[in-house]
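**Student:** A structural model of the following input is requested.
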Amino acid sequence: MKEEFIQLLKEVKREGMDALLLFLEGSDFYKAPASTRFHGAWEGGLLEHSLKVYEILKNKVGDSDSVRIIALLHDICKINFYKVDYRNAKNSKGEWEKVPYYTVDDTIPYGHGEKSVMMISEFIKLTPEEKYAIRWHMGFTEPKELYGTIGQAYKKYPIALYTHEADLEATYFYDI
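**Tutor:** Next up is the predicted model:
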């Protein structure tokens, strides 16, 4: 999967992509979970989730450099975000043992979608459409005070809505 992910982004002709790929290689992106317990909560879950979002979004709107950037990098904000900790739990014999679990360690508290936009923009220039799609990929899981703004963004850039749909489909149909 890692090789497929890298190849898809290498084919994107955008200045700074090589530096972005080096950054990803030096991070925990390829081993990180997608969440602590909701979806993709296993080693490599973030990579699996990102590739699934790409597959779904590509089927909705076709393949392009923008689709690859949006889908494959929408959750880059989760780099170095999850840490392994341990807690006591009973095993199948009813005995207590320490078991690992993921916890959040957000050292860059800048939000979610906006944090991904910020991180990607440090390496490559994003189009407005890409910025909106990545920023608003969480859709109506955002605070209700932002619903009007989200609706305006989806009208202005429909790919933002399709990205949200792809993220939901990947999460609830495939990443569980």
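**Student:** export the host helix or strand of residue 66 as PDB, just CAs?
**Tutor:** Assigned by DSSP states H and E, residue 66 belongs to helix 65-73. Below are the C-alpha coordinates for helix 65-73, written out as PDB (Å, rounded to 0.1, in the frame of the first residue of the first chain):
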ATOM      1  CA  ASP A  65      -3.800  15.700  -9.600                       C
ATOM      2  CA  SER A  66      -6.300  17.500  -7.400                       C
ATOM      3  CA  VAL A  67      -8.200  14.400  -6.500                       C
ATOM      4  CA  ARG A  68      -5.000  12.700  -5.600                       C
ATOM      5  CA  ILE A  69      -3.800  15.600  -3.400                       C
ATOM      6  CA  ILE A  70      -7.200  16.000  -1.700                       C
ATOM      7  CA  ALA A  71      -7.900  12.400  -1.000                       C
ATOM      8  CA  LEU A  72      -4.500  11.100  -0.200                       C
ATOM      9  CA  LEU A  73      -3.500  14.100   2.000                       C
END
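**Student:** tell me which strands and helices that helix is in contact with?
**Tutor:** helix 2-10, helix 45-61, helix 113-121, helix 128-135, helix 158-169 (3 or more C-beta pairs under 8 Å, 6 or more residues apart in numbering; DSSP states H and E). Every C-beta, even on glycine, is put in place using the N, C-alpha and C of the backbone.
**Student:** so how far is residue 49 from the most centrally placed residue in the chain?
**Tutor:** When the chain is reduced to its mean C-alpha position, the closest residue under C-alpha atoms, centre = their mean turns out to be residue 75, at 2.0 Å. Per C-beta to C-beta, to the nearest Å, residue 75 is found 7 Å from residue 49.
**Student:** where do the contact lists of those two overlap?
**Tutor:** Listed as contacting both residue 75 and residue 49 by C-beta atoms under 8 Å, 6 or more residues apart in numbering are residue 34.
**Student:** which SS class is residue 84?
**Tutor:** The three-state assignment at residue 84 reads strand, by DSSP: H, G, I helix; E, B strand; the rest coil.
**Student:** That one reaches residue 100, doesn't it?
**Tutor:** Yes - counting by C-beta atoms under 8 Å, residue 84 does reach residue 100; the two are 5.0 Å apart.
**Student:** Check the secondary structure at residue 102 for me.
**Tutor:** Assigned by three-state DSSP, the conformation of residue 102 is strand.
**Student:** who touches it in this structure?
**Tutor:** 33, 35-37, 41, 82-85.
**Student:** Show me what the helix or strand containing residue 149 packs onto, helices and strands only.
**Tutor:** In the assignment (DSSP H and E), residue 149 maps to helix 147-156. Packing partners of helix 147-156 (3+ C-beta pairs under 8 Å, 6+ apart): helix 128-135, helix 158-169.
**Student:** pLDDT on the longest one, on average?
**Tutor:** Okay, so that is helix 158-169. What helix 158-169 shows for mean pLDDT is 96.
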